[in-house]
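Colleague: What would the 3D arrangement of this be:
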Amino acid sequence: MYDPAVLYGLLAAIGWGTATTTAAMALRHARSHIVVLLSQAAGVAMLLAIAVGTRARLLSLTGSVAVGLILAGVFG
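Modeller: Just a heads-up that it's a prediction; the model follows:
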């Protein structure tokens, strides 16, 4: 059968390409701060949907790991 790593890589490439194209099209029609705000909100919504769908155990994270994840999200 197929190697899962190859499938995940292809899906990631499609996701990144779609996001880049959509952002470029949105920036042509709207102000940049609106596009950034909406794209970040869409990203958070997708992450929450994935976390709920996979039943991620976010409450079991230690304090330092949670702070590290928040800082990574803020400063990217």
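Colleague: Give me the residue at the spatial middle of this structure.
Modeller: In the chain, the centroid-proximal residue (Cα atoms, centre = their mean) is G43; its distance is 4.4 Å.
Colleague: Return the set of buried residues in the longest helix belonging to the chain.
Modeller: Counting by DSSP state H, the longest helix found in the chain is helix 4-29. Neighbour counts over helix 4-29 (16 or more other Cβ atoms under 10 Å) mark A26 as buried. Where C-beta positions appear, they are placed from N, C-alpha and C, glycine not excepted.
Colleague: Can you spell out which helices and strands pack onto that helix?
Modeller: Here helix 4-29 touches helix 32-54, going by 3 or more Cβ pairs under 8 Å, 6 or more residues apart in numbering; DSSP states H and E.
Colleague: following the helix it packs on, which helix or strand comes up?
Modeller: helix 63-75 (DSSP states H and E).
Colleague: Once you drop chain neighbours, what's closest to V35?
Modeller: Spatial nearest neighbour of V35, chain neighbours left out: A26 (4.7 Å); criterion: Cβ to Cβ, 6 or more residues apart in numbering.
Colleague: Could you report the distance from that neighbour to G17?
Modeller: Distance of A26 to G17, computed by Cβ to Cβ, to the nearest Å: 15 Å.
Colleague: Repeat that for L48.
Modeller: Going from L48 to G17 by Cβ to Cβ gives 23 Å.
Colleague: So, low pLDDT: which residues of this structure?
Modeller: Low-confidence segments of the chain, defined by pLDDT under 70: 1, 58-59, 76.
Colleague: same thing but 90
Modeller: Scanning the chain with the threshold set as pLDDT under 90 gives 1-9, 11, 15-16, 18-76.
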